Structure formats: structure tokens, C-alpha cells
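Chemist: Everything below, folded, please.
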Amino acid sequence: MDLQEGKQKFIESWGKMASDWGINRTMAQVHALLLISPDAISADEVMEGLNISRGNVNMNLRALIDWGLVHKKLKAGERKEYFYAEKDMWTVVRQIIIHRKKKELEPMIRVLDDVAGVEASCPESESFCKVVKDIRMLSQRADQTLDTLVKADSSWFANIFYRMVR
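Modeler: The predicted model follows:
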């Protein structure tokens, strides 16, 4: 397999993996292209590399910047903006955890906190309250675990992961 085929396969696989996790496939492919680019590249180069529209490139670059996975770079004497991906994988994982926790887990915990106030006055409400309590407890533990993971350094996580797979 030559380099070009390898790059294409990586970009396609990164996009598929992300879409399996509920993340926009094109956004993941833009991220993949930036990850494997040794230097910052322009939106035009992303358009050409992925064969997607300018609007799609701009929308996905902004989203990746919001996630903290991509950064802008200005080059002296040029008007174009250039973009590069965060290459430290621990930082990438942390940023993804932070973003998904904020957008998915925290809103669910707020809903569970709200509905936890239902009074258990009949068998149906008792059943409801039990399910909510169990989900709420699991969600809060997940939230605490993710907070610990975000605050940890990469060596701590690597040591824990290594012990788990041994």
C-alpha cells in the first residue's frame, strides 16, 4: 500500500468510527486529514483533499475549533487562514470527553435531578422513582469518573489502561 492509499484508508476509517459514535462523518474526516497533515493547511486544501464544499469545510472546521481539536494559524504575508489538528492524543481524548460530557451527560443529569422529585405514592410511581434513581446514580458516577479522567495526566491513564489489558 502506498502513502496515498494509506492516508485515504485512514481518513475513511476515522470517519466511519466517528459516525458509529454519533459524530458527523465529514467532521471526523476533516479532523483525520488535519491529523495526518504535517503542516497547517488551508480550507481550500481541505476542500481539495476531501472533495467537499467550502460551506461544509467551514462548518466542520468551526465545529472542530469549538471542540478544541483544531486550531487556527496565520502565516506571515498571507491572508488565508490555516488549520492544524491537536496531535497529542491524550489532549484529543480529553477534549472529546469534555465536549460530549457537556452536550450529552450533563443535560441528562439535570433532567434526572428534576424528575427525581416525583413522589412515590403508588406502585407505578414507585417503579418510576426506582428506575430514575438507578439511572441517576449511574450517571453521577460516570460524570465523576469522567471528571477524574479529564483531570488526570496521560501517564496515569496509560498505567491504568495497561493494567486492565494485562
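
Chemist: Where does the residue positioned nearest the centre of the chain fall, secondary structure wise?
Modeler: Compute the mean C-alpha point of the chain, and by CA atoms, centre = their mean the closest residue is Ile96, 3.0 Å away. Taking DSSP states H and E as the definition, Ile96 sits inside helix 89-100.

Chemist: For the lengthiest helix in the chain, list every residue counted as buried.
Modeler: For the chain, the helix that runs over the most residues, judged by DSSP state H, is helix 123-151. Within helix 123-151, the residues that qualify as buried by neighbour count (16 or more other CB atoms under 10 Å) are 129, 132, 135-136, 139, 146, 149. For every residue, glycine as well, the C-beta is placed using N, CA and C.

Chemist: on that earlier part again, distance of the residue nearest to the centre of the chain relative to Met164?
Modeler: 20 Å (CB to CB, to the nearest Å).

Chemist: who are the neighbours in contact with the residue lying closest to Lys133 once chain neighbours are set aside?
Modeler: Computed as CB to CB, 6 or more residues apart in numbering, the closest residue to Lys133 that is not its neighbour in sequence is Ala116, at 6.9 Å. Shown in contact with Ala116 (CB atoms under 8 Å, 6 or more residues apart in numbering): 129, 132-133, 136.
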